[in-house]
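A.B. asks: I'd like to go over a predicted model; first the sequence, then the structure.
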There are 2 protein chains.
Amino acid sequence: MPLVIVGSMAFDTIETPFAKRERVIGGACVYASLAASNFDTAHIVGVVGDDFTQEHMNILEERKIDTSGVKKSPGKSFFWAGKYNQDMKTRETITTELNVFEKFEPELPEKYRDIPFLFLANIDPKLQMKVLNSMRRLKFTVCDTMDLWINIKKQELTEVFKRVDCVVLNDEEIRLFTGKDNVMHGAAEIQKLGPKYVIIKKGEHGSCLSGQGIYFSLPSYPVDNVVDPTGAGDSFAGAFTGYLAKTGKTDAATLKRAIAYGNTVASFTVEDFSIDGLLKIRTKDIENRMNEIKKMVNF
Amino acid sequence: MPLVIVGSMAFDTIETPFAKRERVIGGACVYASLAASNFDTAHIVGVVGDDFTQEHMNILEERKIDTSGVKKSPGKSFFWAGKYNQDMKTRETITTELNVFEKFEPELPEKYRDIPFLFLANIDPKLQMKVLNSMRRLKFTVCDTMDLWINIKKQELTEVFKRVDCVVLNDEEIRLFTGKDNVMHGAAEIQKLGPKYVIIKKGEHGSCLSGQGIYFSLPSYPVDNVVDPTGAGDSFAGAFTGYLAKTGKTDAATLKRAIAYGNTVASFTVEDFSIDGLLKIRTKDIENRMNEIKKMVNF
């Protein structure tokens, strides 16, 4: 089954202690849709400026991503510049230019509205709600967010959480949202609002899925050389939702495999700058690494 | 097969944001031997003061721990006081009184010297080397340490590492010892010194074993309520070495199961203050939680 992905499409300038890349393609929607494209057809919704050329769009379209929900507005695309610290985990934002993203109002093509799977990447919860209200036959919705929205739009975000099946957050976001130091207690509190599942993203430590009597935890694949962590979380969520969409199922076994696919695809993302790691992989690479992960935790 | 454990025996005053316990029993050797006692007979080496009464010793002896290598010296036992922060992970040391531990010289009873399994808990590497030199038929040695020895006795510690089969360290200790930001690269560097395996302890994120073509990674059990994290690492290493000793084997499958037993037993330790969590468990509890962990990572 197909899926819809809504989120930012951007250019990023990324600096690590080892290298720097200027104005490379990025944004949650871009990472997530490329990750999902390994599993099923991603129909994306976003906004880009004049600087996002047909050549850029072709990268997505070559992966059968439906870009008919992407609006082109006069001006520049969303731009983010960040610098990773020596640990390659923490980072500082150097610049954020919203540009055309500032007035982004997601408009879903009619054909998107009956699609059953949806990934709401990190955008203003008001816009996430607008998308939810446009969808008619949702079977499973996954929702991401960020500290900014928890801080300034908690009520709107809570309303979104009430409407989705699965929330994807990191430890800090769970603590910030719930005020609970114990992340598992925090996850349980979020589930009380409505989402059946909470996925806890732990970066290099992997991820957990909790809910409906399932507790599943998977370490991350030990990437030999982390080149650029940008987009790892979005790739994870894109692959996770993409795999669910592909199978059309959301039972425990499928959710667990979806987490493993999320971990797998994200591990390729961080092996290169921007989307380069994602563009390189083929089904066989994903299946091989899935088997390695399976072996890695088997006892 | 039996095992030898060498390390500190102490009293701890532990404060968390939720409670405080004064002068409770602690020390790496105590935690590790109680953990190991679930699997095989632990023969321990340590030093205690007059305040460590027969009643205290009985706690160990009731678990069939051989305390004939424990020296009783005039004076007070090693004492540590610490305070955990709100996150229940980081902590500050309030007091460290070495007391009788300051002049500790491990002396192994003759009957210990042909025992094949050894866990060298965190003590001065000079003493760890003395123990290694006393043992005649070692099959597998596991070695722990701490930042202090890496900082002030790196050469002596390196000599110890060259003689052991498995080193147990946390991320920060690996970085400190090797200067490598990437922990896996650091682990590989330590293996070049001699140890076949490096275990990376990651606290709430579980643990990894790397070496001899094996990479095994296991998340920690999601403890509902962490009461006191003291001794988790020692319990892990004690159970790990204890399980190897019990089976008498060190093949890949056994090492992986030993890691899982280490994680399991450590999860009970943190559920109560001091050794109380360890004292409560029975074989059935351990097996049940092992099965839960197995299920938790199975996909």
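C.D. replies: Right, received. Where do you want to start?

A.B. asks: what about the closest residue to chain B within the stretch 51-200 of chain A, neighbour count?
C.D. replies: Using Cβ to the nearest Cβ, residue A:184 is the residue of the stretch 51-200 of chain A that sits closest to chain B, at 5.3 Å. (Glycine included, C-beta is placed from N, CA and C.) Residue A:184 has 18 neighbouring residues, counting by other Cβ atoms under 10 Å in any protein chain shown.

A.B. asks: ok, then the element right after the strand or helix carrying it?
C.D. replies: Per DSSP states H and E, residue A:184 falls inside helix A:183-193. Next in sequence after helix A:183-193, counting helices and strands by DSSP H and E, comes strand A:197-201.

A.B. asks: quick one: strands adjacent to that following strand?
C.D. replies: strand A:166-170 (parallel), strand A:207-211 (antiparallel) (DSSP bridges).

A.B. asks: pLDDT value on the residue nearest to residue A:194 when sequence neighbours are not counted, please?
C.D. replies: Once flanking residues are discounted, residue A:194 sits nearest to residue A:162: 4.2 Å by Cβ to Cβ, 6 or more residues apart in numbering or on different chains. Residue A:162 is assigned 98 on the pLDDT scale.

A.B. asks: State whether residue A:162 is indeed within a strand.
C.D. replies: No - read with DSSP: H, G, I helix; E, B strand; the rest coil, residue A:162 is helix and lies in no strand.

A.B. asks: I'd like to know how many residues surround it.
C.D. replies: 12.

A.B. asks: I'd say it and residue A:192 touch.
C.D. replies: No - using Cβ atoms under 8 Å, residue A:162 makes no contact with residue A:192, being 10.2 Å away.

A.B. asks: where does residue A:94 land in three-state SS?
C.D. replies: Once three-state DSSP is applied, residue A:94 turns out strand.

A.B. asks: wait, isn't it in contact with residue A:12?
C.D. replies: No - between residue A:94 and residue A:12 there is no contact under Cβ under 8 Å: 10.4 Å.

A.B. asks: Who has more neighbours out of the two?
C.D. replies: residue A:12 (22 against 12).

A.B. asks: ok, back up a step: out of the strands paired with strand A:197-201, deepest packed?
C.D. replies: Comparing these by mean neighbour count (mean count of other Cβ atoms under 10 Å in any protein chain shown), strand A:166-170 comes out on top with a mean of 26.

A.B. asks: can you state the direction angle for that strand and helix A:183-193?
C.D. replies: With axes from the mean of the first three to the mean of the last three Cα atoms, to 10 degrees applied, the angle from strand A:166-170 to helix A:183-193 works out at 150 degrees.

A.B. asks: Identify the residue nearest the residue of the stretch 51-200 of chain A closest to chain B in space, chain neighbours excluded?
C.D. replies: residue B:222 is the one closest to residue A:184 (Cβ to Cβ, 6+ apart), at 5.3 Å.

A.B. asks: that's a strand at that neighbour, yeah?
C.D. replies: No - Residue B:222 is assigned coil when assessed by three-state DSSP, not a strand.

A.B. asks: Give the burial count for it, as a bare number.
C.D. replies: Count around residue B:222 with other Cβ under 10 Å applied: 19.

A.B. asks: mind listing what it touches?
C.D. replies: A:184, A:208, A:215, A:217, B:296 (Cβ atoms under 8 Å, 6 or more residues apart in numbering or on different chains).

A.B. asks: Can you verify my assumption that the fourth one contacts residue B:296?
C.D. replies: Same thing as residue A:217. Yes - using Cβ under 8 Å, residue A:217 is in contact with residue B:296, at 5.4 Å.
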